[in-house]
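Chemist: coordinates for the following, if possible.
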Amino acid sequence: MDFMDNLIGVAPEDVLVHGPKKILLNKYHWHQPNVGIIASYAPTAIDVEDHFGIFRGVDQIEAFAQATIVSCSAYSECIKQQCTFNYLKQTFNPLFVGIGQVNFRGYLQAGDVFISMGLITFYKFRQMTCDGRIYKVPEGLDVDNYFGNYTKEQLLKYDLEDGFTLIAELFDVTGRGIKK
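Modeler: Here you go, the predicted model:
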């Protein structure tokens, strides 16, 4: 079986166990295993329904967790076990273990594109912890092109152009894959 170098080009629905209405991730833009990931999502009208048109903070945390701890640990487990995402989905469920601190600095509305930038701080025995940030993407930016030559050093410093708006800072987001 051939394994990919990273999650770029893989559809999130192929990686995530979540049902189609619960996937809060559109695309992976940058991924370096054992380091971190950058992925995007644009909230829909359904995501903000009955919430004053705002994408709730709890949904931001869920989107970040799907993009980071769930996606990165699924990738790492597939490499380690030399298995497919489908096998992993049939064998394990992702479990949200906890979160340290979240600081919300802004808000998101339907149609706003945002990125989750996650740094892997711990990974062992199917448990992963990430720190990171959520940024609103400048309108009209080609996200794939922007992150096409991004580096580990840039990710570690959250190095972005001025047009990005900091929405949230997240610390110690932890999840574990548990056997079904």
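Chemist: mind listing what's buried in the longest helix seen in the chain?
Modeler: Selection of the longest helix in the chain by residue count, based on DSSP state H, yields helix 71-81. Neighbour-count burial for helix 71-81, with 16 or more other Cβ atoms under 10 Å as criterion, is recorded at Ser71, Cys72, Ser73, Ala74, Tyr75, Ser76, Glu77, Cys78. Where C-beta positions appear, they are placed from N, C-alpha and C, glycine not excepted.
Chemist: could I get the residues you listed in TSV, plus columns for distance to Lys89 and pLDDT?
Modeler: Shown next, in TSV, are the buried residues of helix 71-81 (distance: Cβ to Cβ, whole Å; pLDDT from 0 to 100):
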residue	distance to Lys89	pLDDT
Ser71	13	97
Cys72	16	97
Ser73	13	95
Ala74	8	95
Tyr75	13	96
Ser76	15	95
Glu77	11	93
Cys78	10	94
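Chemist: between the residues you listed, which is nearest Ile46?
Modeler: Within the buried residues of helix 71-81, the smallest distance to Ile46 is 21.9 Å, found for Ser71 (Cβ to Cβ).
Chemist: that closest one contacts Lys27, doesn't it?
Modeler: No - counting by Cβ atoms under 8 Å, Ser71 sits too far from Lys27 to count as a contact (11.1 Å).
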